[in-house]
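1. structure for this input, please:
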Amino acid sequence: MVHYPALLVAAAVSVSALSDPSGKFTFTATTSASGIATVCVSGKVPQDSWIGLGITATPGAMAGADLNILTTGLSYLHGKGMIMDQLSFGQDAASTAQPFAVLNSAKSSYTGGVLTGCFDRAVKAPSDSTFKDLVAGTQDLIFASGSTVSGTPQKHSISGSVSANLFAAAVPATTTKSSAESFISLVGVFVAALMA
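-> Numbers count the residues shown, from 1 in each chain. Alright, predicted model coming up:
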């Protein structure tokens, strides 16, 4: 796994923190002069749970999203969201290319019942992918959490989507979809990813 700590220390040029309208999740983002961003999602969850954040290709949709999942055991999954009931997951581990996003272990934790998952990724998405660039403006995000069984993420129990400017604290987040509408089932997607 590749990490970018030296690049992130260089010079943070922008930082932001906001929460979803329900107040259950907090999002933060930092960019460096080298074009690497650290994006985090944080929320209070019980033991044996997971938290996830996706940067969507289509507002509110999991299909095609740049997905990042972290369990309370600090197991990390990254990949591309697929449609409901499809047992495939575009996980980086299945690719020979350098990972597009990596866990930022130094900033990720499960302490006092709060799970914080942070990942590092280039602000600019690879040209050969369908992932979206991180923008200095409104970005559509999806988020969720749920339980794990033997470390395997199960279907989300909380989910939603926001349109937010991760890199400008003055712009508030707005809800775009409800829990039931926003995140398509993750069960098959992440079970397949863990079994791969």
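2. which stretches of the chain form helices?
-> Along the chain, counting by DSSP state H, helices occupy 5-10, 179-182, 187-195.
3. weakest of those by average pLDDT?
-> Confidence, taken as mean pLDDT, is least for helix 5-10 of the helices of the chain (a mean of 28).
4. what residues of stretch 34-44 count as buried?
-> For stretch 34-44, burial by neighbour count (16 or more other CB atoms under 10 Å) applies to Ile36, Ala37, Thr38, Val39, Cys40, Val41, Ser42, Gly43. Using the backbone N, CA and C atoms, a C-beta is placed for each residue, glycine as well.
5. just the CA trace of it, in PDB.
-> C-alpha atoms of stretch 34-44 as PDB (Å, rounded to 0.1, in the frame of the first residue of the first chain):
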ATOM      1  CA  SER A  34       1.300  18.700  -4.300                       C
ATOM      2  CA  GLY A  35      -2.300  18.000  -5.300                       C
ATOM      3  CA  ILE A  36      -3.000  15.300  -2.700                       C
ATOM      4  CA  ALA A  37      -6.100  15.500  -0.700                       C
ATOM      5  CA  THR A  38      -6.900  13.900   2.700                       C
ATOM      6  CA  VAL A  39     -10.700  13.400   3.000                       C
ATOM      7  CA  CYS A  40     -12.200  12.100   6.200                       C
ATOM      8  CA  VAL A  41     -15.600  11.000   7.500                       C
ATOM      9  CA  SER A  42     -16.300  10.600  11.200                       C
ATOM     10  CA  GLY A  43     -19.300   9.500  13.200                       C
ATOM     11  CA  LYS A  44     -20.300   7.800  16.400                       C
END
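6. what does it contact?
-> 4, 7-8, 10, 24-31, 51-53, 55, 68, 104, 107-108, 113-124, 134, 143, 145, 158, 166 (CB atoms under 8 Å, 6 or more residues apart in numbering).
7. show me the residues you listed that map onto strands.
-> Among these, the members falling in strands (DSSP state E) are 25-31, 51-53, 55, 68, 114-122, 143, 145, 158.
8. now, of these, which are buried?
-> Among the ones in strands among the contacts of stretch 34-44, those classed as buried by 16+ other CB under 10 Å are 25-31, 51-53, 55, 68, 115-122, 143, 145, 158.
9. quick one: buried residues of stretch 154-169?
-> So stretch 154-169, judged by 16+ other CB under 10 Å, has buried residues Gln154, His156, Ile158, Ser159, Gly160, Ser161, Val162, Ser163, Ala164, Asn165, Leu166, Phe167.
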